[in-house]
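Engineer: Predicted model, plus sequence, below.
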Amino acid sequence: MIRPGVRSAGRAPDRQTRGGRARREGRRAEWWCALWLMLRGYRLLGFRLKTPQAEIDILALRDGVVAVIEVKRRRTLGEALEAVGAAQRRRLIAAAGGLAARRPDLAAAPVRLDLIALAPGRLPRHIPDAWRDA
């Protein structure tokens, strides 16, 4: 009998096991990025914020700019950039705009979409306004 999440000799982990591992690694990456941002002077406004439009990994403020920060753990920076499609970028910006509009201190602040890419064995790579030209 094969149970979900249990690996038999010579068999690859099932989809449920891989998905659980990916979620745990993603959460760990988000925590590392949050700490890394605070060390660089960002004030965290929210973490894993669920909105009707999208889930925002990290919402932060620095120098009067609201940064919607998408965290991606991939092998390369290019793979991380490609992992966030145009529709997802639109949803993230709409979600951040809605959150900022409900807070008088942020209502007039510009909103920017950043990426923090994590690759094995490397420091986080923060790209402010990562999709400006997209």
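Structural biologist: Thanks, I have it.
Engineer: only C-alpha atoms for contact and neighbour calcs from this point on.
Structural biologist: Fine.
Engineer: all helices for this structure, in order.
Structural biologist: For the chain, the helices defined by DSSP state H cover 15-39, 77-82, 86-101.
Engineer: Run through the neighbouring helices and strands of the second one.
Structural biologist: Right, helix 77-82. strand 111-118 (3 or more Cα pairs under 8 Å, 6 or more residues apart in numbering; DSSP states H and E).
Engineer: Okay, now the unreliable bits of the protein?
Structural biologist: 1-12, 15-16, 18-19, 134 (pLDDT under 70).
Engineer: and if we set it to 80?
Structural biologist: For the chain, the stretches flagged by pLDDT under 80 are 1-23, 25-26, 77, 133-134.
Engineer: Give me whichever of the helices of the chain is most buried.
Structural biologist: Most buried of the helices of the chain, by mean neighbour count (mean count of other Cα atoms under 10 Å): helix 86-101, with a mean of 17.
Engineer: circling back to that earlier point, among the helices of the chain, which comes closest to Gln53?
Structural biologist: helix 86-101 (5.3 Å; Cα to Cα).
Engineer: Output that closest one in PDB with nothing but the alpha carbons.
Structural biologist: Presented in PDB, the C-alpha positions along helix 86-101 are these (Å, rounded to 0.1, in the frame of the first residue of the first chain):
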ATOM      1  CA  ALA A  86       1.800  40.200 -16.400                       C
ATOM      2  CA  ALA A  87      -1.700  39.300 -14.900                       C
ATOM      3  CA  GLN A  88      -0.100  38.600 -11.500                       C
ATOM      4  CA  ARG A  89       1.800  41.900 -11.600                       C
ATOM      5  CA  ARG A  90      -1.500  43.700 -12.300                       C
ATOM      6  CA  ARG A  91      -3.300  41.900  -9.400                       C
ATOM      7  CA  LEU A  92      -0.400  42.700  -7.000                       C
ATOM      8  CA  ILE A  93      -0.400  46.400  -7.900                       C
ATOM      9  CA  ALA A  94      -4.200  46.600  -7.600                       C
ATOM     10  CA  ALA A  95      -4.000  44.800  -4.200                       C
ATOM     11  CA  ALA A  96      -1.400  47.200  -2.900                       C
ATOM     12  CA  GLY A  97      -3.300  50.200  -4.200                       C
ATOM     13  CA  GLY A  98      -6.400  49.100  -2.300                       C
ATOM     14  CA  LEU A  99      -4.500  48.500   0.900                       C
ATOM     15  CA  ALA A 100      -2.700  51.900   0.600                       C
ATOM     16  CA  ALA A 101      -6.000  53.700  -0.100                       C
END
